[in-house]
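fold the following and give me the result.
(one chain, ligands or ions: 1)
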Amino acid sequence: MLRGGIPIGKAFGIQLRLHYSWFFIFALVTWALAAAWFPQHYESWSLSARIAAGLITSVLFFGSVLVHELMHSIVAQRQGIPVQSITLFIFGGVSQITSEPKEPKDEFRMAIVGPLSSLVIGGILFGIYFGWRSVDTFAAQFVTGIAYWLGLINVFLGAFNLIPGFPLDGGRVLRSLIWWRSGNLKNATRIASNAGRAVGFILIFIGIYLVFTGDWVDGIWLALIGWFLESAAVGSYQQLLMQEMLKGHVASEIMSGDCVVVPPDMTIDHLVNGNILTSGRRCFPVGSGSEIMGLMTLHNVKEVPRDQWTTETVKEAMTPFDKLKWVRPDEELSSVLRILTQDDINQVPVVQDNKIIGMVSRENLLNFVHVRSRLGT
Ligand SMILES: [Zn+2]
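Numbering: from 1, shown residues only. Below you'll find the predicted structure:
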């Protein structure tokens, strides 16, 4: 769900990104601070002081969310788990960590450092607040005002993330403990993600209650976070089940090998009416003789306006071979699934000796999993 976003730089070799939904929450937080929080607590401040404090606080707030995520990522990297990127979005931050930890203690460390860093940051900010709050100058008031709010929110963030519902950090801590005691990752994930769903439902309930008692902004917000958590809990358990089922199997086992090579000068119209509609196939390697030049899929067809179908050729519309994501026949299915999800594509060609020998689609993967779960293997 968090593909894309605007790159804002790198830290420790990790790409940092802002998702589009982040701008909304950034504006909302800044506005709430400048128009409500600071005026309520510091009546004497001028309008420009409030706006400046709102902006600075908001930037520092998202900075501290970033530090929280960076801590997760740095510990992951130390354990040899590559981290692709960190994205700030409407509900906070998320680290795209490409694989799961191999041992319970690794997961425990990776999970706990996030909330701990938020609590430490919160503690330092409260230190600044209590140390300076008796100083009666505008500058001191400005700094302590910002420090107080940031301290509160960081302590809240640390505490909230420690709630033991997967995939919250606390849920990961819970999972690592059960995993450590029982040695069974699947069971541990099931229990921790059920706890995550329960937390999600509780938040939704509290949210609905708040809406009916008149506090509808906080209510809707809380219900949305609850809903997000509940679906993330379900999703992460299913993903684990899927990974378990795919383990030990490779692309060549499930690929469909009936790819029909089409010549590069065929028109889109000919391809659609002569091949796609009659055969129901979705993808066609483009080439002449044994040389494959690229791949034509339904997606490529849809990119071409209908009135150009009779003039444009498949060579012009296809994805050229050097831009194509592909896998080897012995590629693990779990890594095929990762490629499909990461790049948000429906299928990937299986290539051997520069030839497309088959295709693996999401459908192939789903069928594979479906049949196996039906048979209970
Ligand atoms: Zn975290």
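
residues touching residue 173, list them.
Contact analysis of residue 173 by Cβ atoms under 8 Å, 6 or more residues apart in numbering lists 108, 111-112, 162, 164. Glycine gets a C-beta too; all of them are placed from N, C-alpha and C.

now, which of these sits nearest residue 37?
Using Cβ to Cβ, residue 162 comes nearest to residue 37 of these, at 24.8 Å.

from the contacts of residue 173, pick the one nearest the ion.
When the contacts of residue 173 are compared for distance to the ion (Cβ to the ion), residue 111 wins out at 7.2 Å.

element containing the closest one, please.
Using DSSP states H and E, residue 111 maps to helix 104-132.

now swap in residue 350 and tell me
Assigned by DSSP H and E, residue 350 falls in strand 347-352.

now the helix or strand following that strand, how far from the chain's geometric center?
Counting by DSSP H and E, the element after strand 347-352 in chain order, helix or strand, is strand 355-361. Chain-centre distance of strand 355-361: 28 Å, with Cα atoms, centre = their mean, to the nearest Å.

what's the first helix or strand after strand 355-361?
As assigned by DSSP H and E, the chain's next helix or strand after strand 355-361 is helix 362-375.

contacting residues for residue 89?
For residue 89, counting by Cβ under 8 Å, 6+ apart, the contacting residues are 2, 5, 19, 21-22, 25.

hang on, the earlier thing: report the buried residues of the strand holding residue 350.
With burial defined by 16 or more other Cβ atoms under 10 Å, the residues of strand 347-352 counted as buried are 347-351.

stretch 84-98 too?
Residues of stretch 84-98 classed as buried: 85-97 (neighbour count, 16+ other Cβ under 10 Å).

may I have that stretch as CSV, with CA atoms only?
The C-alpha coordinates for stretch 84-98 follow below in CSV (Å, rounded to 0.1, in the frame of the first residue of the first chain):
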residue,chain,number,x,y,z
GLN,A,84,14.9,-0.9,1.4
SER,A,85,13.4,2.4,2.6
ILE,A,86,11.6,4.3,5.4
THR,A,87,8.3,6.0,4.5
LEU,A,88,6.5,8.6,6.5
PHE,A,89,2.7,8.3,5.9
ILE,A,90,-0.6,9.4,7.5
PHE,A,91,-0.4,6.9,10.4
GLY,A,92,3.3,7.5,11.2
GLY,A,93,6.3,5.8,9.8
VAL,A,94,7.0,2.4,8.3
SER,A,95,10.3,0.6,7.4
GLN,A,96,10.3,-1.6,4.4
ILE,A,97,12.3,-4.5,5.8
THR,A,98,12.6,-7.1,3.1
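
starting at the chain centroid, how far to that stretch?
Its chain's C-alpha centre and that of stretch 84-98 lie 6 Å apart, by Cα atoms, centre = their mean.

and if you look at stretch 235-253?
Remark: stretch 235-253 is offset 19 Å from the chain centroid, using Cα atoms, centre = their mean.

got it, and stretch 96-106?
Using Cα atoms, centre = their mean, the mean C-alpha position of stretch 96-106 is found 16 Å from that of the whole chain.

what about residue 279, neighbour count?
Around residue 279 there are 11 other residues, counting by other Cβ atoms under 10 Å.

name the helices or strands packed onto the helix holding residue 111?
Applying 3 or more Cβ pairs under 8 Å, 6 or more residues apart in numbering; DSSP states H and E, one finds that helix 104-132 contacts helix 47-78, helix 138-161, helix 169-182.

now do the buried residues in it.
Buried residues in helix 104-132, counted by 16+ other Cβ under 10 Å: 104, 106-119, 121-122, 125-126, 128-129.

for this protein, give the residue positioned nearest to the ion.
For the chain, Cβ to the ion, closest residue to the ion: residue 114, 3.0 Å.

so which bits of the protein are right by the ion?
By Cβ under 5 Å from the ion, the residues of the chain that approach the ion are 114, 161, 169.

swap in 8 Å and give it another go.
Residues of the chain lying near the ion by Cβ under 8 Å from the ion: 68-69, 72, 93, 95, 111, 114-115, 118, 161, 168-169.

please tabulate those in CSV, including the columns pLDDT.
As requested, the residues of the chain next to the ion are arranged in CSV below (pLDDT from 0 to 100):
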residue, pLDDT
68, 94
69, 93
72, 92
93, 83
95, 82
111, 93
114, 94
115, 95
118, 95
161, 93
168, 90
169, 92
